[in-house]
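Could you work out the structure for the sequence below:
(one chain, ligands or ions: 1)
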Amino acid sequence: MKPATFEYHAPATAGETVTLLAELGEEAKIIAGGQSLVPMLALRLAVFEHLVDLRRVDELRGIETRADAVRIGAGTTHAAVGRSDDVRRGVPLLARATPLIGHFQIRNRGTIGGAIAHADAAAEYPVVALTLDADIETLSPRGRRTVPASAFFTGMWTTDLEPDELVTGIVFPTWHGRCGWAIEEFTRRSGDFAMAGAAVAVRLDADSRVERCAIGLFGLAPTPVRATETETELIGRAVEATRAEEVGRSATAGLEAISSDVHGSADYRRRVGAAMVARAWRRAVEEAGND
Ligand SMILES: Cc1cc2nc3c(=O)[nH]c(=O)nc-3n(C[C@H](O)[C@H](O)[C@H](O)COP(=O)(O)OP(=O)(O)OC[C@H]3O[C@@H](n4cnc5c(N)ncnc54)[C@H](O)[C@@H]3O)c2cc1C
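This next block holds a predicted model:
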């Protein structure tokens, strides 16, 4: 099948893009790398009269290290994120998540802004943004906004974005001190979306107690979710007294209504999710302990 006909627009600036989106209304859709949108158009799961392409909008690309954060322009490809020393140094969890996204052809075209805006609950970048308390920067004809990741992902493939609003960048806070990071996922074939996965960030104090931690789950609910109760329980505990399997069980216990599908029953997915948390916790605390 081929996509339905559409009118193609290629604005040169972010400002022109949002003006165009406002003029064209709900029949217009942004296209970035096209790695999620084009399959949907080709299968006619989505039909838009206008596509507004971001490829000429250079201001959306680039990676910038700030005092306590790394900012990544929305139009930066997964491949550029994966190659970046700034990302490897400042946001190791994001660097480690990148090779898990699809295949290299997809990473060469797909953009971080597209992955965040597409908001697939099984995707890697949304869960990393949520786990690290990233901020999503946006632009619309009404001006700029900064939305915390915790308020951005509102449901299955839905976000806080208005139809005429553009993601311009994502700001990932950097963690300092004795830190460790890990992302683990289960897929039936390499490159598939995760059936269940977990991202962990942990910081230990000088006595190897858990000073700060964040556990994000993906593929297990309509949005990526944080295991906040488990995180709170872990704070202040001596890291050698934490048991990875218990952390995994606790982090997934509170998940409501995991859906059963062709990939597995709800109970199976919860158990796989718990195993992914346990694996990620073990790796993250080991790295933090070696620091
Ligand atoms: C075979 C295959 C396997 C894949 N596997 C994975 C995987 O394992 N993990 C994973 O995370 N992803 C996976 N993907 C998806 C891939 O990561 C996409 O690149 C990503 O989801 C969307 O980025 P994009 O730039 O291609 O966006 P597009 O496909 O162009 O757009 C996606 C959506 O985001 C909107 N959008 C794009 N940019 C912006 C912006 N700046 N502001 C506002 N809205 C915007 C578009 O309007 C559209 O609704 C896979 C894709 C394929 C085809």
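
can you give me the helices in this protein?
14-24, 37-42, 78-83, 85-90, 92-97, 104-109, 112-118, 124-131, 149-152, 228-234, 244-253, 266-289 (DSSP state H).

burial measure for Gly254, as a count.
Counted with other Cβ atoms under 10 Å, residues neighbouring Gly254 total 11. Yep, even glycine has a C-beta here, placed from its N, CA and C like the rest.

and it, what is it in contact with?
Ala227, Glu229 (Cβ atoms under 8 Å, 6 or more residues apart in numbering).

sorry, back to before: most packed of the helices of the chain?
helix 124-131 (a mean of 28; mean count of other Cβ atoms under 10 Å).

check whether that one contacts the ligand.
Yes - for helix 124-131, a contact with the ligand is found by Cβ under 6 Å from any ligand atom, at Glu124, Tyr125.

re the thing from before, would you mind giving the helices of the chain as a markdown table with mean pLDDT added?
Formatted as a markdown table, the helices of the chain follow (pLDDT from 0 to 100):
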| stretch | mean pLDDT |
| --- | --- |
| helix 14-24 | 98 |
| helix 37-42 | 95 |
| helix 78-83 | 98 |
| helix 85-90 | 98 |
| helix 92-97 | 98 |
| helix 104-109 | 96 |
| helix 112-118 | 98 |
| helix 124-131 | 98 |
| helix 149-152 | 98 |
| helix 228-234 | 97 |
| helix 244-253 | 96 |
| helix 266-289 | 95 |
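
can you pull the contacts of the residue of the stretch 151-291 of the chain found nearest the ligand?
Per Cβ to the nearest ligand atom, Val167 is where the stretch 151-291 of the chain lies closest to the ligand, at 3.6 Å. Neighbouring residues of Val167 by Cβ under 8 Å, 6+ apart: Ala74, Gly113, Ile116, Ala117, Ile136, Glu137, Thr138, Leu161.

Can I get those residues in a markdown table including distance to Leu20?
Conversion of these to a markdown table gives the following (distance: Cβ to Cβ, whole Å):
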| residue | distance to Leu20 |
| --- | --- |
| Ala74 | 16 |
| Gly113 | 17 |
| Ile116 | 21 |
| Ala117 | 16 |
| Ile136 | 21 |
| Glu137 | 19 |
| Thr138 | 16 |
| Leu161 | 16 |
